[in-house]
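**Q** Any chance you could fold what I've pasted below:
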Amino acid sequence: MNCIKDTIYIDDGCSGTNFNRLGIQRLLEDTKNEKIDCIIVKDFSRFGRDYMEVGAYLEQIFPFLGIRFISINDHYDSECYQGRVMDFDVNFKNLLYDLYSKDLSQKVKTSLRARKESGQYVSGSAPFGYEKSSDERHTLVVCEEEAQVVQLIFSFALQGMTSSQIAKRLNAQNVPAPIEFKIKKGKTSRKPKGDKFYWSSSTICSILRNPVYVGDIEYGKTKREQVGGKNILKAKEDWKRIKNHHIPVIAREDFEKIQKNRDKGSGKQKRKQSRHPLAGKVVCGRCKRILRLKEGRNPYFTCYNRYVTGLDGCVNKIDAVFLTQKVLSCLKKYLEEKNLVSEMVNRHKKDLRNKRIVLWKDIRRKEQAFKQLKKKHYESYQLYSLGEQAEFCSFRAEMEKKQEIIRELEEQVVQIDEQIHKVESEKFIWEEDADLALEIIERYVKEVVIYED
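**A** You can find the predicted model right below:
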């Protein structure tokens with residue numbers, strides 16, 4: 001075993017309620033690659049707070065991999081438990097850690113919701129144009145210097161100017177960007193990517209659509225399905241709003257007029273596109289801003305900031321397919337020089353097999369749920385036909401949905417099987433595998449700098 005000596009894995013600021021943390025994922029990856037023979041934690045909760053998953057690692061996975069696990073505060077050493085089941089107190093502690101996290105999360109959410117409903121402003125920072133009151137930190141007060149810029153932006157919008165035109169006008173007049181006001185107040189110490197900070201059309205859009213400038217506060221925009229999970233955006237009609245919460249800087253009729261104008265032509269549904277492997281990594285060599293990907297039959301990257309900065313030499317257009325091929329060509333040369341191609345392909349094959357296992361588990365769960373619905377459907381029909389139930393409760397629609405989901409998952413398994421077959425064949429060309437291209441670009445490419453020439 002080629003072990004890593006004295007490596008520290010850190011997950012500062014991440015919830016221990018799930019294992020989707022960078023530090024823990026890196027540790028688990030090293031355990032799979034047989035680079036670790038001992039793990040030491042302060043206590044079980046530092047490793048994880050999901051008692052089912054922690055138990056699985058302690059009792060099954062780590063013993064199978066031959067990894068010793070030590071928890072200092074819990075006085076636990078897996079070497080003392082070889083060949084026997086863990087003590088009741090160890091399992092009980094893991095359960096308590098899990099329940100404590102869920103209970104704490106619920107209390108925090110309840111407290112925040114109560115504060116918001118009572119009219120308190122509980123966000124960490126005030127929106128541009130406002131600041132927190134020195135007397136009461138949960139109250140917003142107008143910041144005159146910033147509010148004048150907000151009023152200027154709305155006046156330009158009322159004149160019919162687009163967000164790009166407004167940004168270009170502000171940049172031409174050297175109006176400080178929001179980040180510059182924060183630096184002036186000593187709240188941050190960032191440096192511009194190029195020669196200075198610029199206004200962007202996206203910043204203008206976010207200001208023009210924000211109801212905070214008419215004195216309203218919106219909250220309850222997201223929900224979380226489980227503790228430690230991701231926030232999911234709710235439908236706009238489910239958001240909560242408190243009107244006349246603080247002093248406005250824009251007249252309500254002006255704000256509503258701008259919203260109506262901006263809503264025109266916005267009814268088109270955006271087609272969902274798969275993520276391009278270079279999205280977010282391609283940078284303009286002139287202004288140092290990230291290039292925007294324009295989808296279509298011939299996708300290309302462009303520097304959208306050239307419309308608002310007024311700088312000469314910003315990237316006008318570069319073919320996305322050509323750029324991807326060029327980057328992959330450079331990567332292939334690099335990987336061959338470092339003898340990393342076979343390792344990369346084997347890792348990809350292993351990832352595909354793991355995905356296949358996860359999909360099959362999901363299919364089995366969905367099939368079980370389908371069987372339960374089918375049973376309910378049959379029982380309801382029997383009770384109805386015997387006169388023991390006034391109405392027949394049909395579950396046919398739900399059953400059909402479940403069957404459709406199962407078919408889609410099975411199609412994904414077939415696609416993964418085809419990918420595995422290609423990877424195992426001698427004719428495999430890794431540059432043509434979209435998933436593998438995305439993986440190696442994620443792993444090896446920090447940014448791609450493009451110049452107009």
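
**Q** Please make it C-alpha for all contacts and neighbour counts, starting now.
**A** Will do.

**Q** Helix or strand for residue 333, just tell me which one.
**A** According to DSSP states H and E, residue 333 maps onto helix 320-337.

**Q** Now that helix - C-alpha only, PDB.
**A** What follows is helix 320-337, C-alpha atoms only, in PDB (Å, rounded to 0.1, in the frame of the first residue of the first chain):
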ATOM      1  CA  ALA A 320     -16.500  26.600 -29.000                       C
ATOM      2  CA  VAL A 321     -15.900  23.300 -30.800                       C
ATOM      3  CA  PHE A 322     -12.500  24.400 -32.100                       C
ATOM      4  CA  LEU A 323     -11.500  25.700 -28.700                       C
ATOM      5  CA  THR A 324     -12.500  22.500 -27.000                       C
ATOM      6  CA  GLN A 325     -10.600  20.400 -29.500                       C
ATOM      7  CA  LYS A 326      -7.500  22.600 -29.100                       C
ATOM      8  CA  VAL A 327      -7.700  22.300 -25.200                       C
ATOM      9  CA  LEU A 328      -8.200  18.500 -25.400                       C
ATOM     10  CA  SER A 329      -5.200  18.200 -27.800                       C
ATOM     11  CA  CYS A 330      -3.000  20.100 -25.400                       C
ATOM     12  CA  LEU A 331      -4.300  18.000 -22.500                       C
ATOM     13  CA  LYS A 332      -3.600  14.800 -24.300                       C
ATOM     14  CA  LYS A 333       0.000  15.800 -25.000                       C
ATOM     15  CA  TYR A 334       0.400  16.800 -21.300                       C
ATOM     16  CA  LEU A 335      -1.100  13.500 -20.000                       C
ATOM     17  CA  GLU A 336       1.000  11.400 -22.300                       C
ATOM     18  CA  GLU A 337       4.200  13.200 -21.200                       C
END
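
**Q** Just name whatever secondary elements the helix or strand following it is in contact with.
**A** Using DSSP H and E, the helix or strand that follows helix 320-337 in sequence is helix 341-385. In terms of contact count using 3 or more C-alpha pairs under 8 Å, 6 or more residues apart in numbering; DSSP states H and E, helix 341-385 is assigned the packing partners helix 396-424.

**Q** Residue 452 touches residue 313, doesn't it?
**A** Yes: between residue 452 and residue 313 there is a contact under C-alpha atoms under 8 Å: 5.8 Å.

**Q** Mind listing what's buried along the helix holding residue 333?
**A** 320, 323-324, 328, 331-332, 335 (16 or more other C-alpha atoms under 10 Å).

**Q** And for stretch 248-268?
**A** Buried residues in stretch 248-268 (16+ other C-alpha under 10 Å): 248-250, 255, 258, 262.

**Q** first to last residue in stretch 37-46, what's the distance?
**A** End-to-end distance of stretch 37-46: 18 Å, with C-alpha to C-alpha, to the nearest Å as the criterion.

**Q** That stretch - what's its average pLDDT?
**A** Stretch 37-46 shows an average pLDDT of 85 in the prediction.

**Q** what's the spacing between that stretch and its chain's center?
**A** Averaging C-alpha positions (C-alpha atoms, centre = their mean, to the nearest Å) puts stretch 37-46 27 Å from its chain's average.

**Q** next one: stretch 276-283
**A** 16 Å.

**Q** just stretch 207-221 next, same as before
**A** 23 Å.

**Q** send the alpha carbons of it over as PDB?
**A** Only the C-alpha atoms of stretch 207-221 are listed here, as PDB (Å, rounded to 0.1, in the frame of the first residue of the first chain):
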ATOM      1  CA  ILE A 207     -30.700  46.200  -9.300                       C
ATOM      2  CA  LEU A 208     -33.600  46.900 -11.600                       C
ATOM      3  CA  ARG A 209     -35.600  43.900 -10.600                       C
ATOM      4  CA  ASN A 210     -35.000  44.100  -6.800                       C
ATOM      5  CA  PRO A 211     -38.100  45.200  -4.900                       C
ATOM      6  CA  VAL A 212     -35.900  46.300  -2.000                       C
ATOM      7  CA  TYR A 213     -35.600  49.700  -3.700                       C
ATOM      8  CA  VAL A 214     -39.400  50.400  -3.200                       C
ATOM      9  CA  GLY A 215     -39.200  49.500   0.400                       C
ATOM     10  CA  ASP A 216     -40.200  45.800   0.100                       C
ATOM     11  CA  ILE A 217     -38.500  42.600   1.400                       C
ATOM     12  CA  GLU A 218     -38.800  39.200  -0.200                       C
ATOM     13  CA  TYR A 219     -38.000  36.000   1.700                       C
ATOM     14  CA  GLY A 220     -38.800  32.300   1.700                       C
ATOM     15  CA  LYS A 221     -37.500  31.900  -1.800                       C
END
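
**Q** Three-state assignment for the spatially closest residue to residue 249 that is not a sequence neighbour, please.
**A** Among residues not flanking residue 249 along the chain, residue 213 sits closest, at 5.5 Å (C-alpha to C-alpha, 6 or more residues apart in numbering). Recorded secondary structure, residue 213: helix (DSSP: H, G, I helix; E, B strand; the rest coil).

**Q** show me what contacts residue 213?
**A** Counting by C-alpha atoms under 8 Å, 6 or more residues apart in numbering, residue 213 touches 248-250.

**Q** Next up, the contacts around residue 399.
**A** Residue 399 makes contacts with 370, 373-374, as judged by C-alpha under 8 Å, 6+ apart.

**Q** Flag the shaky bits of the stretch 101-250 of the chain, pLDDT-wise.
**A** 101-109, 111-112, 224-230 (pLDDT under 70).

**Q** one more time with 50
**A** When residues are selected by pLDDT under 50, those of the stretch 101-250 of the chain lie in 227.

**Q** all strands for it, in order.
**A** 130-132, 140-142, 217-219, 222-224, 231-233, 240-242 (DSSP state E, counting those that start in this stretch).

**Q** which other helices and strands contact the third one?
**A** Taking 3+ C-alpha pairs under 8 Å, 6+ apart as the contact definition, the neighbouring helices and strands of strand 217-219 are strand 240-242.

**Q** got a list of contacts for the strand it packs on?
**A** 119, 216-221.

**Q** Quick check on those residues: which are buried?
**A** 216-217, 221.

**Q** And those residues, which is closest to residue 363?
**A** Nearest to residue 363 among the buried ones among the contacts of strand 240-242: residue 221, at 31.9 Å, using C-alpha to C-alpha.

**Q** so what's the closest residue to the closest one other than its chain neighbours up against?
**A** Excluding the flanking residues, the one nearest residue 221 by C-alpha to C-alpha, 6+ apart is residue 239, at 5.1 Å. By C-alpha under 8 Å, 6+ apart, the contact set of residue 239 is 218-221.

**Q** Tell me the spacing between residue 239 and residue 30.
**A** The gap separating residue 239 from residue 30 is 43 Å, by C-alpha to C-alpha.

**Q** Just confirm residue 11 contacts residue 22, I think it does.
**A** Yes: with contact defined as C-alpha under 8 Å, residue 11 and residue 22 form a contacting pair (6.8 Å).
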